[in-house]
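> 3D model of this:
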Amino acid sequence: MDWDGTRKKAHTGGEELTYLDDVEVIDFEDVDLSNAIVIAGFPSVGLVSTIVANYLIDALDLKQIGSVKSSQFPALSVVHTGEPLSPVRIYTGLLKNGKKIVIFVSEFKPKPHLIHALSNTVLKWICGKGCNLLISPEGMVVEWEEDKSSEEENIAEVFAIGSTENARIMLKEKDIPQFKNGIIAGVSGVLLNKGKQTGFDVIAILAEAHHDIPDAGAAASTLNVIATIIGIEINVGPLYDEAERIERQLQKIHKQAKPMVPGRALQPGMYG
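The predicted structure is shown next:
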């Protein structure tokens, strides 16, 4: 498989622009990540993936070990507790069951012309590190019933799909409903295709989510499925209990960040 980035051309108002997909992982230190489980937290519907990634980083007290860079990424620094952070970061740590976990997290939605290069880079890096499973959470647009209670709205229905027969057997054994028909776009869709092409286990988790607001309830439901897959307990109580507060805060942050960043924005550490 060709993992290298390729030149892309786009036409804007008659002007031809040439992009070089120069996405690269920067390792801060050399860490043994053999057989690690990887979570890809790139923004999508309801910011489900980003909320999930940030929650896990905080809850598991993970350490940053690298970042992803590209000249096409937003020219900004994400500041958290007085520390400047790159728009795309990599964290790792050990779970209570002894398994290693790696999390990619981002505050911006990748531009369409970068999705393939970003997906290539992520999968190439995790294969090179000897990781053995990639989980990509994703929001799925649904129309909510007007007569649903707020409690029912916070419990989203969740499905999953595996890139390989081994991944699908894993989902079946854990009684996780499998997504049968439809379209999965963005980073998750590309990772699924690349996982199938290379024989790497990729699982996309699809949670029903509100399209126009950060959906903490959908993220909590997604975390429950992730906990089942990787065999640990995750306390999602804070997300269920404070979903409304978190959603209000994230909407406010999104409005403030919108002039600077194309796509959705999210500040980490909003879950305590």
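> ok, residue 141 touching residue 209?
Yes. Taking CB atoms under 8 Å as the definition, residue 141 is a contact partner of residue 209 at 7.1 Å. Bear in mind the C-beta positions are built from the backbone N, C-alpha and C, glycine included.
> intersection of neighbour lists for these two?
Listed as contacting both residue 141 and residue 209 by CB atoms under 8 Å, 6 or more residues apart in numbering are residue 45.
> Who has more neighbours out of these two?
residue 209 (28 against 12; other CB atoms under 10 Å).
> how about the nearest residue to that one, chain neighbours excluded?
residue 46 (3.1 Å; CB to CB, 6 or more residues apart in numbering).
> Now the phi/psi pair for the one you found, please.
With angles defined as degrees, to the nearest 10, residue 46 sits at phi 70, psi 10.
> Could you count how many residues lie near it?
Other residues near residue 46 come to 31 when the count uses other CB under 10 Å.
> One more: the one 10 residues further on?
Around residue 56 sit 22 other residues, with neighbours defined as other CB under 10 Å.
> Mind telling me what element the residue lying closest to it once chain neighbours are set aside is part of?
Excluding its sequence neighbours, the residue lying closest to residue 56 (CB to CB, 6+ apart) is residue 103, at 5.9 Å. Under the criterion of DSSP states H and E, residue 103 resides in strand 100-106.
> same question, residue 175
Assigned by DSSP H and E, residue 175 belongs to no helix or strand.
> about what we covered before: for the strand holding residue 103, what does the pLDDT average out to?
Averaging pLDDT along strand 100-106 gives 96.
> How far does that strand sit from its chain's centre?
Using CA atoms, centre = their mean, to the nearest Å, the distance from the centre of strand 100-106 to the centre of the chain it belongs to is 9 Å.
> can you check stretch 107-124 too?
11 Å.
> Repeat that for stretch 210-217.
Worked out by CA atoms, centre = their mean, stretch 210-217 lies 15 Å from the chain centre.
> One more: stretch 64-72?
In this view, stretch 64-72 has its centroid 15 Å away from the chain centroid, taken as CA atoms, centre = their mean.
> Just the CA atoms of it, as PDB, please.
C-alpha atoms of stretch 64-72 as PDB (Å, rounded to 0.1, in the frame of the first residue of the first chain):
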ATOM      1  CA  GLN A  64       1.200  13.200  25.700                       C
ATOM      2  CA  ILE A  65       3.900  11.500  23.700                       C
ATOM      3  CA  GLY A  66       3.600  13.200  20.300                       C
ATOM      4  CA  SER A  67       1.700  15.400  17.900                       C
ATOM      5  CA  VAL A  68       0.700  15.500  14.200                       C
ATOM      6  CA  LYS A  69       1.700  18.400  12.100                       C
ATOM      7  CA  SER A  70       0.900  19.800   8.600                       C
ATOM      8  CA  SER A  71       1.300  23.100   6.900                       C
ATOM      9  CA  GLN A  72      -2.500  22.800   6.100                       C
END
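> Looking at that stretch now, give me its mean pLDDT.
Mean predicted lDDT for stretch 64-72 stands at 93.
> Okay, buried residues for it please.
Residues 64-70, 72 are the ones in stretch 64-72 that count as buried (16 or more other CB atoms under 10 Å).
> just stretch 119-138 next, same as before
Buried residues in stretch 119-138, counted by 16+ other CB under 10 Å: 119-126, 129, 131-138.
> Looking at these, which are in helices?
If you go by DSSP state H, the buried residues of stretch 119-138 have 119-126 in helices.
> Just the closest of those residues to residue 163, please.
Set against residue 163, the nearest of those by CB to CB is residue 123 (10.5 Å).
> one step back: output the ones in helices among the buried residues of stretch 119-138 in TSV; the columns should cover distance to residue 178.
Compiled in TSV, those are given as follows (distance: CB to CB, whole Å):
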residue	distance to residue 178
119	22
120	26
121	28
122	23
123	22
124	27
125	28
126	23
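> Figure out the length between the terminal residues of stretch 60-76.
26 Å (CA to CA, to the nearest Å).
> what does it rub up against?
The contact list for stretch 60-76 (CB under 8 Å, 6+ apart) reads 19-29, 31, 56, 85-93, 95, 101, 103-104, 108, 111, 113-114, 117-118, 121-122, 260-262.
> Could you do stretch 161-180 as well?
By CB under 8 Å, 6+ apart, stretch 161-180 touches 133, 157-160, 184, 191-196, 199-204, 206, 225, 228-229.
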